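Undergrad: sequence and predicted structure, then a few things I'm wondering about:
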Amino acid sequence: MFPNNRSDEWNWVHNFLAIQFILQLLLLVPILGAIRPIFRVATFGLSIYLVISNISQRGIKHPAKVSVCSIFLILFTSLFFNSHLNTIPAGVAQIAMYLAILGPIFWASKIFLSVQGFRNLVTILWLFQSMSSFFGLLQIYFPEQFQFQLSSVIQNSTYGGENLKIILSNGLSIYRPMGLTDTPGSAAVAGFYTVLLGLAFFLESKNWWLKGLGILSSFVGFFCIYLSQVRIMLITTCVCVSILLVILFWSKNFKRAFALLGIIQPLIVGTFAWAIAVGGKSTEARTLSLFAGSTDQIYQQNRGHFFQETIDVLLPQYPFGAGLGRWGMMNSYFGKNGNPFTDLIWVEIQWTGWLLDGGVPLIIAYCLAIGSVCYFAFKTAFRKQMGTLPIWSAVIFAYNMGTILITFNYPVFISQTGMEFWLLNTALIVAVMTESWRVRNQYLLAGETTPPLMIEGARPRMRIPNKYLLAGNTTPPLMIEGDTTPLLMIEGERPKMRDPDENQ
């Protein structure tokens, strides 16, 4: 059970994200190196625990829930009936990983979250990623003081991490900025979040100090992306910002659209000049290589051949999946290789992973799940009567498009980033529906029989005591402790009232 469910501004959604970042920081402490695997497992184990411990609670009708249930049906079918299963422990562990990644759909949808609560959640993410980007900046200027120890996987690799170094304009060779991670180049991911969320606060906030911090963090984020030389994150960030700009113009939010348009040019050009001054010719050449040919040619020279192999080779061979546990960390931890029919298959992009785990049916089911939350965010971005939620919805929609783009580069939906995707989208859906109920209840208290702002799928499935509505509390709690027979049941558009004497 969730403690303190009555708070819609800070609850387990926020605690979960904060714990994720604490665990990530603990990975950087050298003295804890022996127990680092525990921290990595705890990141996903907490999500599974929240799913199981709150399985009896009722929540909102999540638009992706049907597709997600189909995903697990396909995975269990593959576990029991696919003869190419690597090992049972590896297959079960792979399903557990899917449950952890998709877990927020089940447990976060059972917590009320106000608009301010959603804003607090995004603030946590923005502050941590901004701090990570700032550390990436320090690692460029002061590498000896702020460089973290490399992960054991990279240290034990063929090149020992030497292939992940860059040469600065002063001739110094350093690892690509890590941020608050142990992987060179990971500051680019932090930069992506920092830029997008920093611009979001610049557009949404009325506080000029916060607007300034949003712009400042965006500059630091873009600088880290350039110096990390992770081109997919540079492309993704530019695509997301462009989509956000289009949504603002499309929704006729011209004031914010022109404000964003005015900041984009100095942001991209200014940080590029800064990056070249510090990173030298290697940074310039790496960035300009994106314009050395057509988009198809550039992608084919890098990650495109993995996608091509998935379509041309693996799809005809495994249309219904190659068996669970045949790729990734679950194979490394629990797999047994050597049999050519169940051996390890190397995976570099998400589409290959989906195909191996469940074939075409899993790809369709997962795409439907992603599409449903994208559609919800897109639709809400045009509901101007919902305060600042349309802005956040536009930001989340742009973020979703960027995440989809990353699936062509690496298996994002089998990582912590994928879990954050479902957490943010579920939190947005809950915040939108909670705001819908709040406005609805305001009209009910005013004597209106048909409140406006009906959100499709937003019919409450929780009971709401009317004594809290009459007391002026328009944001409904899940259930007030000790109040087992609420007086107001909302069903569709009309409240169904009962005589208060029934509870005496």
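TA: Nice, I can see it.
Undergrad: pLDDT of stretch 72-90, averaged?
TA: Per-residue confidence for stretch 72-90 averages out to 95 on the pLDDT scale.
Undergrad: now swap in stretch 95-110 and tell me
TA: Here stretch 95-110 scores 95 as its mean pLDDT.
Undergrad: buried ones in it?
TA: Judged by neighbour count (16 or more other CB atoms under 10 Å), stretch 95-110 contains these buried residues: 95, 97-110. In this view, the C-beta of every residue, glycine as well, is placed from N, C-alpha and C.
Undergrad: do stretch 63-79 as well
TA: By neighbour count, with 16+ other CB under 10 Å as the criterion, the buried positions of stretch 63-79 are 63-65, 67-68, 70-71, 74-75, 78-79.
Undergrad: following the one helix or strand residue 21 maps to, which helix or strand shows up next?
TA: Under the assignment given by DSSP states H and E, the secondary-structure element containing residue 21 is helix 12-26. Secondary structure here is assigned by DSSP H and E; on that basis, the next helix or strand after helix 12-26 toward the C-terminus is helix 36-53.
Undergrad: hmm, back to that, ok, so of the buried residues of stretch 95-110, who is nearest residue 118?
TA: residue 108 (11.1 Å; CB to CB).
Undergrad: surely the closest one touches residue 428?
TA: No: look at residue 108 against residue 428 with CB atoms under 8 Å: they stay out of range, at 10.3 Å.
Undergrad: what residues are up against the closest residue in space to residue 19 that isn't next to it in sequence?
TA: Setting aside the residues directly before and after it, residue 19 is nearest to residue 46 in space (CB to CB, 6 or more residues apart in numbering), at 6.3 Å. Taking CB atoms under 8 Å, 6 or more residues apart in numbering as the criterion, residue 46 is in contact with 16, 19-20.
Undergrad: same check on residue 231?
TA: Shown in contact with residue 231 (CB under 8 Å, 6+ apart): 286-287, 289-290, 302.
Undergrad: same check, this time on residue 176
TA: Per CB under 8 Å, 6+ apart, neighbours of residue 176: 164-166, 184-185, 187, 227-230.
Undergrad: neighbour-wise, which of those leads?
TA: Ranked by the number of neighbours (other CB atoms under 10 Å), these place residue 187 first, at 34 neighbours.
Undergrad: what about the residue nearest to that one when sequence neighbours are not counted, how many residues nearby?
TA: Computed as CB to CB, 6+ apart, the closest residue to residue 187 that is not its neighbour in sequence is residue 136, at 3.1 Å. Residue crowding around residue 136 was assessed by other CB under 10 Å; the count is 30.
Undergrad: the helix or strand encompassing residue 136 to helix 12-26, inter-axis angle?
TA: Secondary structure from DSSP H and E places residue 136 in helix 115-141. Here helix 115-141 runs at an angle of 10 degrees relative to helix 12-26 (axes from the mean of the first three to the mean of the last three CA atoms, to 10 degrees).
Undergrad: beyond helix 115-141, next helix or strand please.
TA: Next helix or strand after helix 115-141 toward the C-terminus (DSSP H and E): helix 143-146.
Undergrad: who are the packing partners of that next one?
TA: Helices and strands in packing contact with helix 143-146 are listed as helix 115-141; criterion 3 or more CB pairs under 8 Å, 6 or more residues apart in numbering; DSSP states H and E.
Undergrad: so what's residue 213 up against?
TA: If you count contacts by CB under 8 Å, 6+ apart, residue 213 has them with 198, 201.
Undergrad: so what's the gap between the one helix or strand it maps to and the chain middle?
TA: Here residue 213, judged by DSSP H and E, is contained in helix 208-228. Mean C-alpha position of helix 208-228 versus that of the full chain (CA atoms, centre = their mean, to the nearest Å) differs by 20 Å.
Undergrad: now do the helix or strand following that helix and helix 208-228, the angle between them.
TA: Following helix 208-228 in sequence order, the next helix or strand is helix 231-250 (DSSP H and E). Using the same axes, to 10 degrees, the direction of helix 231-250 lies 140 degrees away from that of helix 208-228.
Undergrad: what comes up buried for helix 231-250?
TA: Counting neighbours by 16+ other CB under 10 Å, one finds that the buried residues in helix 231-250 are 231-238, 240-241, 243-245, 247-248.
Undergrad: can you give me the strands in this protein?
TA: Listed in chain order, the strands found in the chain under DSSP state E are 165-167, 173-175, 488-491, 494-497.
Undergrad: returning to what we had before: among the buried residues of stretch 95-110, which are in helices?
TA: Restricting the buried residues of stretch 95-110 to those inside helices, with DSSP state H as the criterion, leaves 95, 97-107.
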